[in-house]
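>>> the following block contains a protein sequence and its predicted model.
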Amino acid sequence: MIARIMFWGVSSTRPFKGRLPPCTVVKLDGRIVLLDSGEMCQGAFEYFGLSYNSPLIILISHLHGDHTYGLVPLLESLQLAGRKEPVEIIGPLGVGEIIPAQLLLKQEYPVRVLEILGDEGRIPLGGEERLSVRYIRAPHSYISYSYVLETRERIRLDGRKLQEEGIPGKLRRRLLDRGQIRYRGKVYFLEDFTLDKIPGLKISYSGDTLPNARFGAASREADVMIHESTFLHADWIGRESIAHSTSREAAYLAKKARVKLLILTHFSTRYTELEPLLEEAKAVFPRVVLAERGLVVEVKAGRPRVITIMRA
């Protein structure tokens, strides 16, 4: 299985120097997951050649305009493109109110909205790989959440041993799902037939946030951590009331979480050149890259993990 992470909007507050407001696309387990929907986010579908009818889940971190102003135009574009499949929208309380009622009335596809509450939880998204999203309340100036996408662990079964025990193929899926089966009066346990366990894919997304240890814990050993990097550390000192992270802080969290790759995004419009943010982060954590429009990161599940960085 391969997760494909495609970066579209990487700016904060507004479009700036070719950088659009926040929007990242994850294609995983046959689904498209949109991480925030900044202005002009529908352009990502044409740019990356995405199907307008693929299963689509939109995760909104919070309701600030730079993360939501593209949501309604996206829904309109999907309608014009002839979409028939449902769209799932998940976000904090109030996310459903930003969609006009008249838009919902004319849509030819269902729009389902789930508003989340509480500090932390997990939502199953289904699919063959049992994709799920974990949400973690983020310290920001508005009700905000960070997200962690995860697929289930993959287990390689010992086919020879299963054959010796005469366990038919139709029961092997049940063994994987339930951990044990009863066959011909005997109970068989999954661990007795396990050759290898391959961890599921894990991609974490900070949204807008101050450094958050709870998000770091949820991201532990993630394949990719996508973290906001609004400021250089020196530019944030003395402005602590601004609830954002610096590139140094993002790198420190990635190091503590032992993630495989850190991708910095959500850059302040004060920076025309972004290399200083990259250098600051690399001084703490070496496996880091800057997000930019067209950046594509592929993560291939397996042992060892293979992470490929390219451009669309």
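Nice, thanks for sending it over.

>>> which parts of the stretch 151-300 of the chain are strands?
Assigned by DSSP state E, counting those that start in this stretch, the strands in the stretch 151-300 of the chain fall at 154-157, 180-183, 186-189, 194-198, 202-205, 224-228, 261-265, 288-290, 295-300.

>>> between those strands, which one is nearest to Y135?
Of all the strands of the stretch 151-300 of the chain, the one in closest proximity to Y135, counting by CB to CB, is strand 202-205 (10.3 Å). From N, CA and C alone the C-beta is placed, and that goes for glycine too.

>>> residues in contact with that closest one?
For strand 202-205, the external contacting residues (CB atoms under 8 Å, 6 or more residues apart in numbering) are 3, 5, 24, 26, 28, 35, 59, 61, 146-151, 215, 218-219, 221-226, 259, 299.

>>> of these, select the buried ones using a PyMOL command.
This is the PyMOL syntax for the buried subset of these, where burial follows 16 or more other CB atoms under 10 Å:
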select buried, resi 3+5+24+26+28+35+59+61+146+147+148+149+150+151+215+218+219+222+223+224+225+226+259+299
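
>>> domain assignment for this protein?
Domain ranges of the chain: 2-153+199-311, 157-193, per automatic domain parsing.

>>> need the winner for burial among these.
domain 2-153+199-311 (a mean of 19; mean count of other CB atoms under 10 Å).

>>> span of that one from start to end?
Start-to-end span of domain 2-153+199-311 (CA to CA, to the nearest Å) is 16 Å.

>>> try stretch 164-182
One end of stretch 164-182 to the other measures 16 Å (CA to CA).

>>> pull the distance from that stretch to the chain's centre.
Offset of stretch 164-182 from its chain centre (CA atoms, centre = their mean, to the nearest Å): 33 Å.

>>> what's the mean pLDDT across that stretch?
Averaged across stretch 164-182, pLDDT comes to 84.

>>> which residues sit against that stretch?
Here stretch 164-182 makes contact (CB under 8 Å, 6+ apart) with I155, L157, L162, Y183, R184, V187, Y188, F189, L190, F193.

>>> run the last query once more with 6 Å
For stretch 164-182, contacts defined as CB atoms under 6 Å, 6 or more residues apart in numbering pick out Y183, V187, Y188, F189, L190.

>>> ok, what's across the strand from the fourth one?
Spelled out, that is F189. Assessed by DSSP bridges, F189 has beta-bridge partners Q180.

>>> and the gap between it and G159?
Distance, F189 to G159, by CB to CB, to the nearest Å: 17 Å.

>>> returning to that earlier point: which one of the contacts of stretch 164-182 is nearest G94?
Distances from G94 to the contacts of stretch 164-182, taken by CB to CB, are shortest for L190, at 43.0 Å.

>>> show the contacting residues for that closest one.
Applying CB under 6 Å, 6+ apart to L190 gives the contacts L175, G179.

>>> export the contacts of stretch 164-182 as CSV, with columns for distance to R311.
Formatted as CSV, the contacts of stretch 164-182 follow (distance: CB to CB, whole Å):
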residue, distance to R311
Y183, 51
V187, 53
Y188, 49
F189, 47
L190, 42
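
>>> now S268, nearest residue through space, not along the chain?
T230 (4.9 Å; CB to CB, 6 or more residues apart in numbering).

>>> okay, that neighbour and E279: tell me how far apart.
16 Å.

>>> could you do H244 as well?
In terms of CB to CB, H244 sits 19 Å off from E279.

>>> equivalent analysis for M40, please.
For M40, the distance to E279 equals 30 Å [CB to CB].

>>> cool, D192 as well?
According to CB to CB, D192 and E279 sit 52 Å apart.

>>> ok, Q163 next?
With CB to CB as the criterion, Q163 and E279 are 57 Å apart.

>>> repeat for D196
For D196, the distance to E279 - CB to CB - is 39 Å.

>>> helices along the stretch 201-312 of the chain, start to end?
Here the stretch 201-312 of the chain has its helices, by DSSP state H, counting those that start in this stretch, at 213-218, 233-236, 247-257, 275-282.

>>> neighbouring contacts of the third one?
It stands for helix 247-257. Contacting residues not belonging to helix 247-257 are listed as 211, 216, 219-220, 225, 227, 229, 233, 262, 264, 277, 280-281, 284-285 [CB under 6 Å, 6+ apart].

>>> quick one: it to chain centroid distance?
18 Å.
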